[in-house]
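Asker: the following block contains a protein sequence and its predicted model.
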Amino acid sequence: LASDLQIVVGQETENEMVLQELNLQQSDSAVYKQVGPVLIKQNLEEAQETVRKRLEFIASEKKGLEGKIQATEKEGNEL
C-alpha cells in the first residue's frame, strides 16, 4: 500500500506541475495532447479542465489509500 501511495503522490505532483504550466500559457497558445504516438491539438481551457478532473480523481484515490493504510496500521497495533 505504501508503494501505491508513493505512485499516487508522484502522479499528483506531476499533474500539479502540468496545471501550473498550463496556467502560465496565453489563452491563444497551442496545447497538444498525446494520444498513443500522435499529438492532437487541444483547447487550453479543455486541457486545464482535464488536468483539474484528473487531480480530483487522484486526490480521492490518495485519500482511499491513506484510509487503508491507517486501517492496516490499526489492525497491526491491536495484535
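Answerer: Structure's in. What do you need?

Asker: mind giving me the packing neighbours of the top helix by length along the chain?
Answerer: In terms of residue count, the longest helix belonging to the chain (DSSP state H) is helix 44-78. For helix 44-78, the packing partners by 3 or more CB pairs under 8 Å, 6 or more residues apart in numbering; DSSP states H and E come out as helix 2-24, strand 31-35. All C-beta atoms are positioned from the backbone trio N, CA, C, and that covers glycine.

Asker: so which of those gets nearest residue 53?
Answerer: Closest to residue 53 of these is helix 2-24 (CB to CB; 10.1 Å).

Asker: from the chain's centre, how far out is that closest one? Work that out for me.
Answerer: 5 Å (CA atoms, centre = their mean, to the nearest Å).

Asker: with stretch 47-56 instead?
Answerer: 8 Å.

Asker: quick check: angle from the longest helix of the chain to strand 31-35?
Answerer: Angle of helix 44-78 versus strand 31-35, following axes from the mean of the first three to the mean of the last three CA atoms, to 10 degrees, is 60 degrees.

Asker: what about helix 44-78, average pLDDT?
Answerer: For helix 44-78, mean pLDDT rounds to 94.

Asker: could you dump the helices and strands packed on helix 44-78 into CSV and include distance to residue 58 and mean pLDDT?
Answerer: Putting those into CSV (distance: least, CB to CB, whole Å; pLDDT from 0 to 100) gives the following:
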stretch, distance to residue 58, mean pLDDT
helix 2-24, 5, 96
strand 31-35, 18, 94
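
Asker: so which of those comes closest to residue 67?
Answerer: Nearest of these (CB to CB): helix 2-24, 10.8 Å.
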